[in-house]
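Peer 1: A structural model of the following input is requested.
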Amino acid sequence: MKKIYALSKTLLISVIVIIGLNPQQTVQSQQNNQTVRFVQPILRRPPINRGAPTDRRGAGTRGECPAVSMASTGLVPIVSSNNSKYVIGNTATEYPTFWFYIPYNAQNINSVKFAVIDDKDQSLTKEPIPVNISGTPGIISFTLPKTEQPLKPGQDYHWYLLIDCNPQSRSEDVAIEGLVRLEPPDAEFKKRLEVATEREKAALYAQQGYWYDTITTLGILRRQQPKDTTLIEDWKTLLNSQELTDIAAEPISPCCISN
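Peer 2: Numbers count the residues shown, from 1 in each chain. Here you go, the predicted model:
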């Protein structure tokens, strides 16, 4: 009996030592089981922006743009609050990346510009930023340049992607609109990100309701590994969760940058 007790004690000590020497392995093994499931945060404070967007599809006359079967669309959630709907998502970064589906061939577009205003209708960008478009029809992304002012916590920023198919008339612009809100992550969440792989980061962002960071992390992975079946399913699941099913199968373009 004494020998059995001693052996059990030795095994227990060995297990404790192993766990004690590898705390990050335990965390990482837990994160490896995570899937990218977006949890939509409750919109506790409705946007105060004048004319806050309620539709993420491109609006405009479209008279000079080619006919398309699927409208240009911002890849952003539509969130309900007080019987109203808003196109809005949270971000953890001062310079977020925005994602769009563009149905037009690049050669049929005269120009594309991006602009941001704050909730007091003050422009964050010095002027609309020209965007180089390539690889469309398809999904593109655009990162707010660090030459512009950063987002500030506690404000809802109204962004616009303006697509001009007619150089002779600004009234023909197709405008995709949405809102972005900066919610700085806490120290504990930052620590979890530090030991996570890129796919694990996407899962963590999704769990915390950071839409822009989730889709950006996953979108970059899909560009790097376009045939990875796990990432393909993650991408479909993410877009399906926001009723963007038709767009989920569209190709992801490597573009875009500002001029």
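Peer 1: Now do the SS call for the most centrally placed residue in the chain.
Peer 2: For the chain, the residue nearest the mean C-alpha position is Tyr212 (2.4 Å; C-alpha atoms, centre = their mean). Secondary structure state of Tyr212, per DSSP: H, G, I helix; E, B strand; the rest coil, is helix.
Peer 1: for it, what are its contacts?
Peer 2: Residues in contact with Tyr212 (C-beta atoms under 8 Å, 6 or more residues apart in numbering) are Gly89, Asn90, Thr91, Thr93, Pro96, Thr97, Phe98, Val180. Every C-beta, even on glycine, is put in place using the N, C-alpha and C of the backbone.
Peer 1: is it true that the second one touches Trp211?
Peer 2: Yes. Contact status for Asn90 versus Trp211: in contact at 6.0 Å, counting by C-beta atoms under 8 Å.
Peer 1: More neighbours: which of these two?
Peer 2: More crowded of Asn90 and Trp211, by other C-beta atoms under 10 Å: Trp211, with 26 against 23.
Peer 1: Give me the nearest residue to the more buried one, chain neighbours excluded.
Peer 2: Gly89 (3.3 Å; C-beta to C-beta, 6 or more residues apart in numbering).
Peer 1: okay, that neighbour: pLDDT?
Peer 2: The pLDDT attached to Gly89 in the predicted structure is 97.
Peer 1: Thr237 versus that one, what's the distance?
Peer 2: Separation of Gly89 from Thr237 (C-beta to C-beta, to the nearest Å) stands at 17 Å.
Peer 1: So these two - more neighbours on which side?
Peer 2: Gly89 (28 against 16).
Peer 1: A strand includes Ile176, no?
Peer 2: Yes. Under three-state DSSP, Ile176 falls within a strand.
Peer 1: picking that back up, ok, so of the contacts of Tyr212, who is nearest Asp118?
Peer 2: Val180 (10.7 Å; C-beta to C-beta).
Peer 1: For that closest one, which non-adjacent residue is spatially closest?
Peer 2: Per C-beta to C-beta, 6+ apart, closest to Val180 is Tyr157, 5.1 Å.
Peer 1: in which helix or strand would I find that neighbour?
Peer 2: Using DSSP states H and E, Tyr157 sits in strand 156-164.
Peer 1: Which parts of the stretch 1-150 of the chain are strands?
Peer 2: Along the stretch 1-150 of the chain, the stretches classed as strands by DSSP state E, counting those that start in this stretch are 73-74, 78-81, 84-91, 97-102, 111-117, 129-132, 138-143.
Peer 1: got TSV for the ones you listed, with distance to Pro251 too?
Peer 2: Shown next, in TSV, are those (distance: least, C-beta to C-beta, whole Å):
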stretch	distance to Pro251
strand 73-74	15
strand 78-81	24
strand 84-91	22
strand 97-102	10
strand 111-117	18
strand 129-132	17
strand 138-143	4
